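Undergrad: Just to be clear, the model below is a prediction. Sequence and coordinates:
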Amino acid sequence: KAGVTQTPRYLIKTRGQQVTLSCSPISGHRSVSWYQQTPGQGLQFLFEYFSETQRNKGNFPGRFSGRQFSNSRSEMNVSTLELGDSALYLCASRQTGDEQYFGPGTRLTVT
Amino acid sequence: EDQVTQSPEALRLQEGESSSLNCSYTVSGLRGLFWYRQDPGKGPEFLFTLYSAGEEKEKERLKATLTKKESFLHITAPKPEDSATYLCAVFYYGGSQGNLIFGKGTKLSVKP
């Protein structure tokens, strides 16, 4: 089975721009979660989607949003980018169990 | 406040020198605890899930254990390829931080 894939792998954006990241879960997995990883804060939960519905949301501002499509693929959008948004953005999928399987991440650099 | 703390932050071992990593947590309504391994520039790789105090799981040179307040990841006779950051995460329902809280990890370096 193919693992979780994320595109693009690397992005450089300018402060004030917006960005969209994409995640394709493992086949058959209907839950997709997004995380932000920084050296200072570690891994922090952004949100989880299941069957196209946001099921849970972390403590991030409204500039961070997401959605899930009927094929379980998910996108995450960040508007009005700030320097502090530079991070590794990770997507994880799971089936019915608790274990989450992570993709390789998208490295976002905001200049 | 719900939180997960890992210690030490960094650990340097000689090949073959066994040791343990610690993960302590203060969470109400714990459902389970995960261990992940993360290599530089990659996403975390799932290792173990533990659900109840006293439970143990093993995989090659790694053994994870769980008590009511903490978990240990024991590394027996490590090899250089075990070098990575090891993350633990607590899984629970209804938290303000989502349903999975990660510790900041222990960076393990194993020298030949």
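TA: Cool, the structure landed. These figures come from a predicted structure and were not determined experimentally. Numbering: from 1, shown residues only, chains lettered A, B, ... in the order given.

Undergrad: surely residue B:50 meets residue B:63?
TA: No - the criterion here is C-beta atoms under 8 Å, and residue B:50 misses it with residue B:63 at 10.9 Å. From N, CA and C alone the C-beta is placed, and that goes for glycine too.

Undergrad: and for the two, which residues touch both?
TA: B:56, B:57 (C-beta atoms under 8 Å, 6 or more residues apart in numbering or on different chains).

Undergrad: Looking at those two now, which is surrounded by more residues?
TA: More neighbours surround residue B:50 than the other of residue B:50 and residue B:63, with 21 against 16 (other C-beta atoms under 10 Å in any protein chain shown).

Undergrad: got a list of what that one touches?
TA: So residue B:50 contacts B:32, B:33, B:34, B:35, B:56, B:57, B:64, B:65, B:66, B:71 (C-beta under 8 Å, 6+ apart).

Undergrad: By neighbour count, sort out the buried ones in these.
TA: B:32, B:33, B:34, B:35, B:64, B:65, B:66, B:71 (16 or more other C-beta atoms under 10 Å in any protein chain shown).

Undergrad: Tell me which residues are up against the least confident helix or strand in chain B by mean pLDDT.
TA: Lowest by mean pLDDT, DSSP states H and E among the helices and strands of chain B is strand B:100-102, with a mean of 87. Strand B:100-102 is contacted from outside by A:33, A:35, A:42-45, A:100, B:2-4, B:25, B:27, B:34, B:87-92, B:95, using C-beta under 8 Å, 6+ apart.

Undergrad: And that strand, how far out from the chain middle?
TA: Taking C-alpha atoms, centre = their mean, to the nearest Å, one finds strand B:100-102 lying 11 Å from the centre of the chain it belongs to.

Undergrad: Sort out which residues of the next helix or strand after that strand are buried, please.
TA: Remark: after strand B:100-102, the chain's next helix or strand is strand B:106-111, criterion DSSP states H and E. Residues B:106, B:107, B:108, B:110 are the ones in strand B:106-111 that count as buried (16+ other C-beta under 10 Å).

Undergrad: next one: stretch A:24-42
TA: A:24, A:25, A:26, A:29, A:31, A:32, A:33, A:34, A:35, A:36, A:37, A:42.

Undergrad: same question for that stretch, mean pLDDT?
TA: Averaged over stretch A:24-42, pLDDT sits at 94.
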